[in-house]
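# coords please:
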Amino acid sequence: QVQLLESGGGLVQYGGSLRLSCAASGRTFSRYAVGWFRQTPGKEREFVAGISWSGSTTNYAEPVKGRFTISRDNAKNTVYLQVNSLKPEDTAVYYCAARMGGTRYNDRGAYAYWGQGTQVTVSS
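As a prediction, this is how the structure comes out:
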């Protein structure tokens, strides 16, 4: 079992930055790939970024490439999402999710564990 807890969201102005954190419980967290997704009301949850268990492989959705960076510290059981150059369209609830194995990071259905989400609001 893995439990995930996101933090770091908030209200930020256009062009601002935040660092989202996804803290995990469980001694085997380092074996899990992790993805960040986001969701706005009335829309499906969409993939943002993913990282392999070792951190050696990352993957990003096109709208966030060059602005967002995913990383992890397995010693701290934490995955980070650095979000820079924020735009109003980045406003959403951001969720982290964990999966064992696989390389299709954008496959929402493959993730077994999800956090509660953290709200990011970007004002124009």
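
# Against F29, how distant is the nearest residue to A49 once chain neighbours are set aside?
Nearest residue to A49, sequence neighbours excluded (C-beta to C-beta, 6 or more residues apart in numbering): I70, at 4.1 Å. To be clear about C-beta, it is placed using only N, CA and C from the backbone, and glycine gets the same treatment. To F29, I70 is 15 Å away according to C-beta to C-beta, to the nearest Å.

# swap in A110?
For A110, the distance to F29 - C-beta to C-beta - is 17 Å.

# the more surrounded of the two?
Set A110 next to F29 and count neighbours by other C-beta atoms under 10 Å: F29 wins out with 23 against 16.

# List the residues that contact Y105.
Neighbouring residues of Y105 by C-beta atoms under 8 Å, 6 or more residues apart in numbering: A33, G35, F47, A49, G50, I51, N59.

# Report the beta-bridge partners for the last one.
By that I understand N59. On the basis of DSSP bridges, N59 is bridged to G50.

# when you give positions from now on, start the count at 41
Taking 41 as the first residue, the last one we looked at is N99.

# Isn't it up against G90?
Yes: N99 lies in contact with G90 (C-beta atoms under 8 Å); the separation is 4.6 Å.

# The two: which is more packed in?
Shown here are N99 and G90; by other C-beta under 10 Å, G90 has more neighbours (26 against 18).

# Quick check: the gap between the more buried one and A137.
For G90, the distance to A137 - C-beta to C-beta - is 9 Å.

# what is in contact with these two at once?
V74, G75, W76.

# Looking at the residues you listed, which are in strands?
Among the shared contacts of G90 and A137, the ones falling in strands (DSSP state E) are V74, G75, W76.

# Can you pull the phi and psi angles for the closest residue to the last one other than its chain neighbours?
Sequence neighbours aside, V88 is the residue nearest to W76 in space, at 4.4 Å (criterion: C-beta to C-beta, 6+ apart). The phi and psi torsions at V88 (degrees, to the nearest 10) take the values phi -120, psi -50.

# how many other residues sit next to V88?
By the measure other C-beta under 10 Å, the count of residues near V88 is 26.

# need the contact list for it.
V88 touches G75, W76, F77, R78, Y100, A101, V104, F108, L121, Y134, counting by C-beta under 8 Å, 6+ apart.
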